[in-house]
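K.L.:
Test case, fold it:
(one chain, ligands or ions: 4)
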Amino acid sequence: AKAAGGNRYELADAEADARAITRHGLTTALPAALERGEFFIEYQPLVHLDDGSVHGAEALVRWCHPQHGVLGPDRFIPLAEHTGLIVPLGRWVLEQSVRQAMAWHEQLSGGSGGAGGAGGAAGPLRINVNLSPTQLHHPGLVGDTVEVLDRVGLPPGSLCLEVTESALIGADEDLLKPLRQLSEMGVDIALDDFGTGYSNLANLRRLPVSVLKLDRSFTQGMQRHPADPVDLKIVEGIVSLAHSLELAVTVEGVETGAQAEQLRRLGCDTAQGWYYARPGPPERLHALSLADAGP
Ligand code: C2E
Ligand code: CA
Ligand code: CA
Ligand code: CA
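P.N.:
Ligands and ions are numbered 1, 2, ... in the order given. I've put the predicted structure just below:
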């Protein structure tokens, strides 16, 4: 038993070493990867729960690594965050996403094709971009964002920046000021992964946010049949508080029609998840919006 324990220990040790080596390798490869264009963005639609129409999309970055294949953001965003590369990487993601939103806008409102009118009537698709804490602290945030919006010509109201609840816990005015400035310009700020950070609900009033993104864990609670009545009460409470503060509520991780229906009944506004679409290339979102614009 002792020997087996020893072997297990060594195995775990070796795995930890391998992970550390990969982590180190990935970290040192990040700057060149950005220069070589190894990153790409997938877009996942956000859908109105009442009628299923497309509201916009969230930009989710991936790394097409020459040896390891496609890596998800959980593998490299923390590394980029740690080394500061997240600032240029985040700027790249913002620029690509804003350009993409503009391209959709032009495709959907600009005459060509049969479905022009409805896309235009629904207003431009909105683009959600994630910001990590280092980006939030970076002094160039407001200037860079304004510059990209201006240069591309996308109205600020078409952009939503997602900030995690944990990044704003205990935030002082200095940290909130750039978000406040962006919000005053019309950029929406969403509080991402809401409900995981134990933040004081009363605190919401002083944050410059206009959207709450309910964490996936709540959506998972809706999956049980029947759903846990306490979970339902909690979501109902959050939605009613959010609406009384004039915040919109988005839910993420919707995987079934039953969840979508439950969340719609609880008053959530928009939803995102595999039930509607997995993250994918930009053409997919274009096709989806044309489809819901009707013939
Ligand atoms: P997030 O902002 O909470 O993004 C939602 C994650 O849930 C995405 O994972 C998405 O693919 C996944 N997801 C969507 N629908 C479903 C569903 O129905 N079921 C399940 N189980 N999962 C679903 P992804 O793409 O791996 O991104 C992970 C995290 O990486 C994101 O979490 C975000 O925090 C971060 N991230 C992604 N792109 C960027 C970026 O450009 N900049 C920064 N700073 N962070 C990013
Ligand atoms: Ca997000
Ligand atoms: Ca989230
Ligand atoms: Ca998350």
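K.L.:
Helix, strand or coil: sort out whatever residue of the stretch 151-295 of the chain ends up closest to ligand 1 for me.
P.N.:
When scored by CB to the nearest ligand atom, the stretch 151-295 of the chain has Gly273 as its residue closest to ligand 1, at 3.2 Å. In this view, the C-beta of every residue, glycine as well, is placed from N, C-alpha and C. Look at Gly273: counting by DSSP: H, G, I helix; E, B strand; the rest coil, its state is coil.
K.L.:
Can you pull the phi and psi angles for Tyr62?
P.N.:
Small correction: residue 62 is Arg, not Tyr. phi -130, psi 160 (degrees, to the nearest 10).
K.L.:
my guess is it contacts Ile41, does it?
P.N.:
Yes. Using CB atoms under 8 Å, Arg62 is in contact with Ile41, at 7.3 Å.
K.L.:
which residues in the stretch 151-295 of the chain form strands?
P.N.:
Assigned by DSSP state E, counting those that start in this stretch, the strands in the stretch 151-295 of the chain fall at 159-164, 188-194, 211-214, 248-251, 270-271.
K.L.:
Compute the number of surrounding residues for the residue lying closest to Leu149 once chain neighbours are set aside.
P.N.:
Using CB to CB, 6 or more residues apart in numbering and skipping the chain neighbours, the partner closest in space to Leu149 is Pro156 (5.6 Å). Using other CB atoms under 10 Å, Pro156 has 16 neighbouring residues.
K.L.:
Leu94: which element?
P.N.:
Assigned by DSSP states H and E, Leu94 belongs to helix 86-109.
K.L.:
Pull out the buried positions in that helix.
P.N.:
Within helix 86-109, the residues scored as buried using 16 or more other CB atoms under 10 Å are 86-87, 89-91, 93-102, 104-105, 107-109.
K.L.:
how big is the angle separating it from strand 159-164?
P.N.:
140 degrees (axes from the mean of the first three to the mean of the last three CA atoms, to 10 degrees).
K.L.:
Quick check: mean pLDDT of helix 86-109?
P.N.:
Averaging the model's pLDDT scores along helix 86-109 yields 95.
K.L.:
next one: it to chain centre, how far?
P.N.:
Taking CA atoms, centre = their mean, to the nearest Å, one finds helix 86-109 lying 14 Å from the centre of the chain it belongs to.
K.L.:
Is there any residue in that helix that contacts ligand 1?
P.N.:
Yes. Helix 86-109 reaches ligand 1 (CB under 6 Å from any ligand atom) through Gly90, Val93.
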